[in-house]
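S.K.: Got a predicted structure plus its sequence, pasted below:
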Amino acid sequence: MARPLRIHAAALQYFDAVRRAGSIREGARRLNVASSAVNRQILKLEAELCAPLFERLPAGLKLTAAGEVLAHHVTTVMRDLERASSELDAIKGLRVGHVELATLEGLCHQIVPEALRAAHAAYPRLTFGVGVMGTEQIPAAIMDGDVHLGLAFEVRRRAELRQLAVARFRLGAVVRPDSPLAARAVVSLRDCLEQPLILPKLNFANRDQLHALFFQSRLPDRGQFEAGSVEMMKQLVLRGMGVAFMTRVGVEQALQRGELVHVPLHHQRGPVFSELGLYARADTSLPIAVEAAAALLATAMRECEAMEGGGEV
């Protein structure tokens, strides 16, 4: 990983580390400096701003209103500094950098690994951190500056987020080849009611989509099984325990091996699509390394969309 530049006041860097860690002690450990030095810098900042930045709670530190304002400024400053560092490295011909990505568990089966493979081949000195989160956590991680990029389905549009790339995938019923539904070209929700339903839990964006479809079909939005991961839903279907609803993303290998069948879901006027988006903060420029990674992720998204026929209407 490239050595970070240290050209801004230590107080800002210390504040940012404490904000992320939730405690002075942990922030100091990550910075590899003494806790007393970090505490002094925080107190100095609070004195200069004439306002407390953290609430000192038994469970840790929590940002005050003034702390939230400063956190937004510091995050922007740190991201701009990171971009400057990346540009300086590019001038030197080093081609180094680090990228933090937040994504969903199901995207770690094909799209993200393919993008990382391409990145490693093109930029072998680029380093990556990949965190797996729920759909609702990813926008917050981007806006808080904890990650550079977020890759997720059905992210609600926010002014603070910039969409870098998008791909669409058909939502469908996933069944075993011996299921009566497997030979169908398309299915409706009512077609699936004779089998136990395997639904995603609320941490899945697709659950909101399905809730609307069930409501419009005047059907109860309940499953005999509800799972918080693509892998769990896949395993339940493989064991003949029902029909799951998802895109092909995350179960690609089982579909290719013929262990599962994905039957597109039709609802009222036609097919149902789920939108996969790649996002970054709207108010900061991306470091060169992050731009390169975003381009490779976008390529992997488009290739998967084309292969699965997700863009067809």
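M.R.: Now that the structure is in, tell me what you want to look at. Numbering: from 1, shown residues only.

S.K.: Is Tyr108 in contact with Val130, as I believe?
M.R.: Actually, residue 108 is Cys rather than Tyr. Yes. In this structure, Cys108 is within contact of Val130 by C-beta atoms under 8 Å, at 7.3 Å. For glycine as for every other residue, the C-beta is placed from the backbone atoms N, C-alpha and C.

S.K.: So for Ser179, what's the pLDDT?
M.R.: Ser179 carries a pLDDT value of 95.

S.K.: Likewise for Gly131?
M.R.: For Gly131, pLDDT reads 96.

S.K.: Tell me what it is bridged to.
M.R.: Applying DSSP bridges to Gly131 gives these bridge partners: Ala102.

S.K.: Nearest the geometric middle of the chain, what residue?
M.R.: Thr103 (2.8 Å; C-alpha atoms, centre = their mean).

S.K.: Look at the closest residue in space to it that isn't next to it in sequence and give its secondary structure.
M.R.: Closest residue in space to Thr103, ignoring its immediate chain neighbours: Leu151 at 4.2 Å, by C-beta to C-beta, 6 or more residues apart in numbering. Under DSSP: H, G, I helix; E, B strand; the rest coil, the three-state class of Leu151 is strand.

S.K.: for Leu151, what are its contacts?
M.R.: The contact partners of Leu151, by C-beta atoms under 8 Å, 6 or more residues apart in numbering, come to 101-104, 107, 111-112, 138, 276-279, 297.

S.K.: hmm, 6 Å instead?
M.R.: Applying C-beta atoms under 6 Å, 6 or more residues apart in numbering to Leu151 gives the contacts Thr103, Leu107, Leu278.

S.K.: what's the burial count for Val186?
M.R.: Applying other C-beta atoms under 10 Å, we find 16 residues neighbouring Val186.

S.K.: Oh, that last question was meant for Leu104, not what I typed.
M.R.: Using other C-beta under 10 Å, Leu104 has 25 neighbouring residues.

S.K.: ok, now Asp178?
M.R.: Using other C-beta under 10 Å, Asp178 has 8 other residues around it.

S.K.: That one: what secondary structure?
M.R.: On the three-state scheme (three-state DSSP), Asp178 is labelled coil.

S.K.: State the helix or strand in which the residue nearest to Ala34 when sequence neighbours are not counted lies.
M.R.: Nearest non-adjacent residue to Ala34, counting by C-beta to C-beta, 6+ apart: Ala28, 6.3 Å away. Assessed by DSSP states H and E, Ala28 sits inside helix 24-31.

S.K.: can you check Arg156 too?
M.R.: Per DSSP H and E: Arg156 is located in neither a helix nor a strand.

S.K.: per-residue confidence at it?
M.R.: So, for Arg156, pLDDT stands at 89.

S.K.: does Phe214 really touch Gly223, like I thought?
M.R.: No. The criterion here is C-beta atoms under 6 Å, and Phe214 misses it with Gly223 at 10.0 Å.

S.K.: host element of Met241?
M.R.: Secondary structure (DSSP H and E) places Met241 outside all helices and strands.

S.K.: can you pull the contacts of Leu296?
M.R.: Counting by C-beta under 6 Å, 6+ apart, Leu296 makes contact with Ala115, Ala118, Ala119.

S.K.: Leaving out the residues flanking it, which one is nearest to the second one?
M.R.: When the adjacent residues along the chain are set aside, Ala118 lies closest to Leu296, with 4.8 Å between them (C-beta to C-beta, 6+ apart).

S.K.: Assign the one you found to helix, strand or coil.
M.R.: Under three-state DSSP, Leu296 comes out as helix.

S.K.: need the strands for the stretch 1-150 of the chain, in chain order.
M.R.: Along the stretch 1-150 of the chain, counting by DSSP state E, counting those that start in this stretch, strands occupy 54-57, 60-63, 97-103, 126-132, 149-153.

S.K.: Redo the ones you listed as a markdown table? Include distance to Asp191.
M.R.: Supplementary listing: the strands of the stretch 1-150 of the chain in a markdown table, determined by distance: least, C-beta to C-beta, whole Å:
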| stretch | distance to Asp191 |
| --- | --- |
| strand 54-57 | 52 |
| strand 60-63 | 50 |
| strand 97-103 | 32 |
| strand 126-132 | 33 |
| strand 149-153 | 23 |
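
S.K.: Out of the ones you listed, flag the one nearest Asp208.
M.R.: For the strands of the stretch 1-150 of the chain, the distance to Asp208 is smallest for strand 149-153, at 10.0 Å, taking C-beta to C-beta.
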